[in-house]
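J.: coords please:
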Amino acid sequence: MRRKLNDIKGRIRHEIKIEDLIGETIDLTPKGAELVGAHHKHGSQSGTSLTVDPVKGLFYCFNCGEGGDVISWFMSTYGVGFSEAVQMLAARLGIPLDGATSEEFNQMVKMQVDRREIEAIYEDACRYFQGQMTPEIRQYLSQRGISDQTIEIQRIGYAPVGDSGLLDHLLEGGHRSIAKSGLFGLKSEEEGYPLFQGRLIIPYLVGHRPMYFIGRQTEFTPDKPWEAGKYKKLLTRSTQHPYVSQTVQNRYLFGTDSLRPGKDVILTEGVMDAIMAIQAGYSCISPATVRLSARDGPLLLKETKQSGQIYIINDNEENEAGRKGAEATARFLESKGKHALLVELPRKADQDKIDLADFLREEGREGLDQLLQTARPLYAWQLERTAKPAQREWLLPAARDFIVDNLSFLSDEFLVEGFIREKVIAQFGLKMGDAKALLKVWKDNRSDPPKELANTVEAWDQVSENEETDDGLTPDEIRERYFVGKEFSPQLLGTEIIEEIPLIFYGNQIHLYQDGVFAANDHKLLQTMQMKLGVLSIKRYLKETESWLKVHCSTEKGKVNTQTDVLNLKNGLLNVFTGEFREHSPEFKSTIRIPVTYDPNAKAPLWQKFLSEVVPPDCIPVLWEFIGYCLLPDTRFETNLMATGSGANGKSVLLKAISELVGTANMANVPLQELSENRFKRAELAGKLINVFSDLSSRAIQDSAFFKIITSGDPIDAERKFQHPFQFTPFARLLFSANELPATADNTDGFFRRWLIVPFPNSFPPGKRDVRLTEKLCAPSELSGALNLAIEGVQRLYRQGRFSTSQTINSQLTDYRLRSDPVAAFVAECCVLEEFAIVSKTELYHAYRLWTADSGSKTMSQKRFGPLIRSLEGVDETRDSGTRSWVGIGLKTSGSQLRSVK
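T.: Residues are numbered from 1 along each chain as shown. From the prediction side, this is the model:
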């Protein structure tokens with residue numbers, strides 16, 4: 001009966017489309033791969049709080065937390081129990097329920113009801129843990145590279161030490177089966193204690209609903225023997241804990257919500273590794289262990305059934321536990337017909353260990369994208385680790401053993417021969433003449449691969465000789481199309497790709513035209529080449545084709561991202577000054593697309609209300625002008641934004657909202673100080689409209705040269721790791737927020753005039769904050785309205801030829817300059833800047849020394865003082881009656897002179 005009930009539930013979930021069932025009562029609209037609408041029970045201000053995932057068959061409401069599958073929706077909407085829901089939905093499909101009233105069926109129903117009670121407890125517990133996130137905990141995560149946005153998306157929370165708050169919260173929520181949840185241990189029938197204390201609480205989300213929890217140790221975890229483990233999992237039923245529900249089991253992999261059909265997936269060792277990878281934009285799952293358990297294997301196969309390439313990235317450590325675990329996982333997947341590629345994280349000589357989270361913090365997405373290009377199948381990975389025998393007579397036997405152990409299941413002779421000639425011969429130090437004998441060893445020991453292996457088409461693909469590519473080509477037909485004689489021709493393959501896909505070479509990267517924009521998508525290009533080469537897609541052919549394409553799809557720099565009057569929007573191309581709107585076209589060579597739909601009638605009431613509450617009124621027009629300025633690849637106004645103010649005052653919310661409006665794909669994330677200090681970081685600005693960094697350090701800016709160059713849009717040199725240096729013309733506007741403005745060693749007008757400093761003077765205590773404000777500002781209708789306001793702003797900016805005047809912003813800039821530049825403060829307090837003013841150099845410097853002594857400022861030498869005075873606008877040097885003097889400046893005291901200078 002258990003099997004029968006599971007079969008019935010499976011058919012219901014598979015055959016009744018969740019979008020059709022929910023669509024019976026709610027209007028749903030597409031949003032990416034999902035559908036959104038307003039929950040029929042309580043509505044939604046944005047109209048998008050309810051999210052439906054047709055692929056996974058799940059729904060979730062961000063307002064009330066309700067979620068689940070088709071059965072859950074039916075129970076909630078029609079107010080029936082689990083048993084009634086199953087019977088009614090089965091009746092829709094005409095599925096007979098023989099014996100549906102049997103005792104065993106009723107027991108199964110009871111377990112399902114029990115599980116739903118547990119899931120309701122988990123939802124409320126998750127919300128409680130989220131509410132306990134203190135600034136200290138957020139700082140703890142921030143130091144580990146995890147953003148506030150990721151904390152919200154992953155629903156990460158915190159369990160306070162020795163606190164009864166969770167129990168009180170659950171009791172207030174009306175839950176009565178709390179002990180069953182595995183969240184509490186029992187000292188007696190009357191006394192319990194929370195399982196998690198002083199730990200980060202990381203939920204395993206399915207459809208954004210928590211199905212399981214894991215607690216990660218922090219510096220706040222009590223120093224007790226029972227809290228020694230790095231991770232702590234929920235209690236499960238045992239003789240020690242008989243009160244825990246049988247349905248509480250760790251039958252989930254972390255990160256399954258990040259999976260998408262056809263998208264490549266990373267399999268990594270730790271939960272924090274997976275969180276960092278998901279934050280960087282990858283699909284990533286983790287079993288929270290170095291080696292798959294018997295339970296994890298089938299789960300992994302199930303969850304990745306519709307995924308693209310699997311990359312295994314475990315820790316790289318001295319004891320090699322991560323490597324061994326990765327190899328074991330790859331062997332398991334190979335045995336089930338799933339092809340995996342292994343990636344080794346680079347470990348420095350002074351490092352005992354590096355994990356994926358460490359690597360992403362250091363190198364970012366760009367570094368990992370580069371590293372993924374080095375991924376190898378298991379047999380190539382093992383060859384690199386096979387020791388070469390010391391004795392010459394043992395070289396050939398060792399190579400034979402390797403081929404028997406690792407290549408016998410490969411079926412493509414051309415592939416095997418190429419691997420032997422390119423790799424095996426070199427690894428064992430053999431002669432090329434030995435390749436023929438080794439190929440014979442392979443032929444004599446060849447065995448059939450698992451049937452399922454023919455489902456993938458990747459580098460070193462393990463498929464049979466008669467397998468076809470996506471173009472329907474056999475290996476012989478591939479050779480006929482892309483080879484000249486026995487030699488591969490990158491020109492033939494490259495020419496075919498260029499004819500099919502518009503390409504440009506920009507910013508030292510190949511960009512493919514897709515969805516109205518040229519995007520740097522190395523993986524898509526690699527996938528295209530591999531699909532065409534099929535079983536012959538060896539690394540050398542791919543590299544040769546890529547090199548050929550870089551030369552032959554080059555585009556003149558002056559033709560890419562140069563139309564500073566046209567916005568590439570989600571639904572077409574808009575000329576911001578004439579209002580002309582037209583369809584996308586590859587003739588418009590742009591690597592930028594603003595991910596917002598143009599609707600000339602859209603309004604943004606939330607944006608307008610928000611700005612009116614967080615900044616002074618005379619700053620608002622300037623902000624809209626600057627936001628509009630950020631939408632175009634144009635740096636003519638040489639201006640950047642600094643949002644200032646301490647505490648919860650809205651500046652981070654504004655930067656996040658601007659980032660969503662402009663598009664995170666068009667954004668870099670480099671601190672101000674690193675623009676000059678790190679040549680790799682500068683490369684991140686290539687092709688980006690904005691560079692956004694919140695909570696900037698107050699560390700002094702020692703060198704502002706690159707800041708000025710970037711702001712002015714002058715060509716700069718940059719370098720991506722593992723690639724050649726290149727030159728590009730930046731147009732990224734710089735947006736920062738800071739509690740305290742950074743000191744600067746550059747006190748020239750050329751530095752200060754490049755800033756708009758906007759204060760955020762109002763602080764919003766926890767009770768008065770809208771924690772979902774960013775989400776509301778980024779609703780599609782609000783973004784379309786904000787786009788219209790930004791367009792009005794940029795039209796006004798170009799019409800005026802300058803930013804609107806704001807006394808607040810001018811005052812902020814003056815204060816910043818005076819704090820950063822003591823000489824400027826001295827001039828403002830003690831001097832007059834007049835065309836006919838004159839003062840001797842000795843007298844001016846003497847007055848400056850008296851002023852520093854009086855004000856407590858540090859006195860600089862006359863050698864440094866002179867050039868700073870000379871840099872003032874309208875000030876020059878002269879010799880008056882034999883005395884070396886300054887003209888254009890004088891002292892406010894009686895010692896200065898004001899007369900005609902001839």
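
J.: Name the nearest residue to the spatially most central residue of the chain, sequence neighbours excluded.
T.: The structure's the chain has its C-alpha centroid closest to A280; by CA atoms, centre = their mean the separation is 2.7 Å. In space, and not counting its chain neighbours, A280 is closest to R365: 4.4 Å by CB to CB, 6 or more residues apart in numbering. Bear in mind the C-beta positions are built from the backbone N, C-alpha and C, glycine included.

J.: give the contact list for Q491.
T.: Contact analysis of Q491 by CB atoms under 8 Å, 6 or more residues apart in numbering lists W548.

J.: in which helix or strand would I find it?
T.: Take DSSP states H and E as the rule and Q491 turns out to sit in helix 490-500.

J.: Give the next helix or strand downstream of that helix.
T.: strand 503-506.

J.: Just the buried positions in stretch 172-179, please.
T.: H175, I178, A179 (16 or more other CB atoms under 10 Å).

J.: quick one: the residue nearest to K56 when sequence neighbours are not counted from E34, how far?
T.: Leaving aside its chain neighbours, K56 sits nearest to G207 (6.4 Å; criterion: CB to CB, 6+ apart). Distance, G207 to E34, by CB to CB, to the nearest Å: 11 Å.

J.: Please enumerate the shared neighbours of those two.
T.: The contact lists of G207 and E34 share D53, where a contact means CB under 8 Å, 6+ apart.

J.: re earlier: could you report the pLDDT at the residue nearest to A280?
T.: As predicted, R365 sits at a pLDDT of 92.

J.: for L267, what are its contacts?
T.: Contacts of L267 (CB under 8 Å, 6+ apart): C284, I285, S286, P287, L300, I310, Y311, I312, I313, T329, A340.

J.: Just give me the closest of those residues to I510.
T.: Ranked by distance to I510 (CB to CB), the contacts of L267 are led by Y311 at 21.1 Å.

J.: what's the domain layout of this protein?
T.: Structural domains assigned to the chain are 256-375, 391-540, 605-814, 822-898, following automatic domain parsing.

J.: pLDDT on the last one, on average?
T.: Looking back up the chat, that one is domain 822-898. 85.

J.: Could you do stretch 84-97 as well?
T.: 75.

J.: now the helices: where do they sit in the stretch 51-200 of the chain?
T.: Assigned by DSSP state H, counting those that start in this stretch, the helices in the stretch 51-200 of the chain fall at 70-78, 82-93, 103-131, 135-142, 148-153, 165-172.

J.: and the fifth one, what does it pack onto?
T.: Using 3 or more CB pairs under 8 Å, 6 or more residues apart in numbering; DSSP states H and E, the elements in contact with helix 148-153 are helix 135-142, helix 271-279.

J.: got it, and the fourth one?
T.: Applying 3+ CB pairs under 8 Å, 6+ apart, one finds that helix 135-142 makes contact with helix 148-153.

J.: and the helix it packs on, what's its mean pLDDT?
T.: Per-residue scores along helix 148-153 average to 93.

J.: For the stretch 151-300 of the chain, give me the ranges with low pLDDT.
T.: Across the stretch 151-300 of the chain, the ranges flagged by pLDDT under 70 are 187-190, 294.

J.: Repeat that for the stretch 601-750 of the chain.
T.: 676-677, 698-700, 702-703, 721-724.

J.: If we use 80, what do you get?
T.: Where the stretch 601-750 of the chain drops to pLDDT under 80, the residues are 647, 672-681, 695-706, 718-726, 742-750.

J.: For it, which segments are assigned as strands?
T.: Using DSSP state E, counting those that start in this stretch, the strands assigned to the stretch 601-750 of the chain run over residues 640-644, 667-668, 690-693, 716-718, 726-728, 733-738.

J.: Distance from the longest one to the middle of the chain?
T.: Distance of strand 733-738 from the chain centroid (CA atoms, centre = their mean, to the nearest Å) equals 19 Å.

J.: That one versus strand 640-644: what angle between them?
T.: Relative orientation of strand 733-738 and strand 640-644, computed by axes from the mean of the first three to the mean of the last three CA atoms, to 10 degrees: 10 degrees.

J.: strands paired with strand 733-738, and their directions?
T.: strand 640-644 (parallel), strand 690-693 (parallel) (DSSP bridges).

J.: Doesn't V441 lie inside a helix?
T.: Yes - according to DSSP: H, G, I helix; E, B strand; the rest coil, V441 belongs to a helix.

J.: I'd assumed I403 was in contact with it.
T.: Yes - in this structure, V441 is within contact of I403 by CB atoms under 8 Å, at 5.2 Å.

J.: neighbour count winner among those two?
T.: I403 (25 against 19; other CB atoms under 10 Å).

J.: Surely the more buried one is in contact with R446?
T.: No - with contact defined as CB under 8 Å, I403 does not count as touching R446 (10.0 Å).

J.: still on that earlier bit, who wins for proximity to K232 among the strands paired with strand 733-738?
T.: That would be, of the strands paired with strand 733-738 and by CB to CB, strand 690-693, which comes in at 34.6 Å.

J.: so can I have JSON lines of the strands of the stretch 601-750 of the chain showing mean neighbour count and distance to T374?
T.: As requested, those are exported to JSON lines (neighbours: other CB atoms under 10 Å; distance: least, CB to CB, whole Å):
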{"stretch": "strand 640-644", "mean neighbour count": "23", "distance to T374": "37"}
{"stretch": "strand 667-668", "mean neighbour count": "21", "distance to T374": "24"}
{"stretch": "strand 690-693", "mean neighbour count": "23", "distance to T374": "28"}
{"stretch": "strand 716-718", "mean neighbour count": "18", "distance to T374": "22"}
{"stretch": "strand 726-728", "mean neighbour count": "15", "distance to T374": "21"}
{"stretch": "strand 733-738", "mean neighbour count": "24", "distance to T374": "33"}
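
J.: As TSV, the ones you listed with distance to G255 would be great.
T.: Formatted as TSV, those follow (distance: least, CB to CB, whole Å):
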stretch	distance to G255
strand 640-644	33
strand 667-668	24
strand 690-693	26
strand 716-718	33
strand 726-728	35
strand 733-738	30
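
J.: Any idea which of those strands gets closest to N250?
T.: strand 667-668 (37.4 Å).

J.: related to what we said a few turns ago, mind checking which of the domains of the chain is nearest L166?
T.: Within these, the stretch nearest L166 is domain 605-814; the backing value is 18.9 Å (CB to CB).

J.: For the closest one, measure first residue to last.
T.: One end of domain 605-814 to the other measures 33 Å (CA to CA, to the nearest Å).

J.: that older thread, what about the residue nearest to K56, how many residues nearby?
T.: A count of nearby residues for G207, using other CB under 10 Å, gives 19.

J.: State the distance spanning the first to the last residue of stretch 214-228.
T.: Termini of stretch 214-228 sit 14 Å apart (CA to CA).

J.: and that stretch, which residues are buried?
T.: Going by 16+ other CB under 10 Å, stretch 214-228 has these buried residues: I214, G215, R216, F220, T221, E227.

J.: Out of these, which is nearest to K768?
T.: Out of the buried residues of stretch 214-228, the member with the shortest distance to K768 (by CB to CB) is F220, at 27.1 Å.
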